[in-house]
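K.L.:
need a structure here:
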Amino acid sequence: MKRLVKTFAAVALASVCSGCMWGRVRVNDPSIVDRAAGIRIGKTKVSELGQILHADPSLRMPIQDGTILGYTYADSKANGLILILFNFTKSQTVAQTLYVIVDPKTETVKKVYVPERKEIEWEFWPFGDD
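P.N.:
Model prediction:
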């Protein structure tokens, strides 16, 4: 009987010992979108982009009338409830790219595509939007 009580007490103690976890990962700085306002179309040179954006391009792609430079950034949040037998976690990630099109002859910026900046909220419920 004592063994049964000790086993029950150990299981009860283990079931109430739980924890919460939060984690965040950022790839590059999402504020690059705000700094992109400093780019002047037709005036900003490729050599000046590093100083303005404080980043190097993660993508260089030649196109018919220029070169596309891509500056990718991402933000990921994960949280959950950690129990002994069950774990409930939820992860959300937003990854976007700032594109700059450059004229290869003059080395000046022809066009800038600035994506809408999205913020991820911390959401605990891992089973959808309900």
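K.L.:
next up, the contacts around the residue nearest the centre of the chain.
P.N.:
In the chain, the centroid-proximal residue (CA atoms, centre = their mean) is residue 75; its distance is 1.6 Å. Counting by CB atoms under 8 Å, 6 or more residues apart in numbering, residue 75 touches 24, 25, 26, 27, 30, 93, 94, 119, 120. (C-beta placed from N, C-alpha, C; glycine too.)
K.L.:
for beta bridges, what are the partners of the second one?
P.N.:
Per DSSP bridges, the residues bridged to residue 25 are residue 76.
K.L.:
can you tell me how far it is from residue 77?
P.N.:
Distance from residue 25 to residue 77, counting by CB to CB, to the nearest Å: 8 Å.
K.L.:
which one's more surrounded, those two?
P.N.:
Remark: of residue 25 and residue 77, residue 77 carries more neighbours, 19 against 11, as counted by other CB atoms under 10 Å.
K.L.:
distance of the more buried one from residue 107?
P.N.:
According to CB to CB, residue 77 and residue 107 sit 38 Å apart.
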